[in-house]
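> kindly return the folded structure for what I paste below:
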Amino acid sequence: MVGEHLVQATAQQPEAQAWYVLDDLALEQPVRREKVADIVARASTRVDPAELPFPAPRHARVAVRVRPGITHTIGGLRIDEQARVVGAEGLFAAGADAGGISTGGYASGLAAALVFGRIAAESALEGL
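I've put the predicted structure just below:
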């Protein structure tokens, strides 16, 4: 939940950008099978903390400019309880193609695909 709020807060910043300012401890943290330092080394937006447009914390080692992104659209086709596309006879939708599922915030596209994919399959079989 913290990450979601951070992304939303970043999106509200001028030009929808923020800086992650990292110290040695942060750079050593594992993320999946590598360290944060390895990820930062590949970032094209990394800078020396002395180049920041604000005073850097005392132990800052590197800064990375970030912008929020999306992994799927929040819109999509309107479906009913049987995953039928409203207004399109014989058409079903699931996952990120189905709209209105994550209107209150992020909801996993995979979960929506799993749940509504099964509902769509069962509904389609009933129509045969």
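
> got the buried residues for the helix or strand hosting T10?
Following DSSP states H and E, one finds T10 within helix 2-11. Residues of helix 2-11 classed as buried: V7, T10 (neighbour count, 16 or more other Cβ atoms under 10 Å). C-beta coordinates here come from the backbone N, C-alpha and C atoms, glycine included.

> same check on stretch 49-59?
P49, A56.

> start to end distance for it?
With Cα to Cα, to the nearest Å applied, stretch 49-59 spans 10 Å between its terminal residues.

> quick one: distance of it to the chain centre.
Centre-to-centre, stretch 49-59 and its host chain are 27 Å apart (Cα atoms, centre = their mean, to the nearest Å).

> before we move on, the earlier item: dump the helix or strand following the helix holding T10 to CSV, restricted to CA.
Going down the chain from helix 2-11, the next helix or strand is strand 18-22, by DSSP H and E. This file holds the C-alpha atoms of strand 18-22, laid out as CSV (Å, rounded to 0.1, in the frame of the first residue of the first chain):
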residue,chain,number,x,y,z
ALA,A,18,10.5,12.7,-8.1
TRP,A,19,14.0,11.8,-6.9
TYR,A,20,14.9,8.6,-5.1
VAL,A,21,18.0,9.6,-3.0
LEU,A,22,19.9,6.5,-1.9
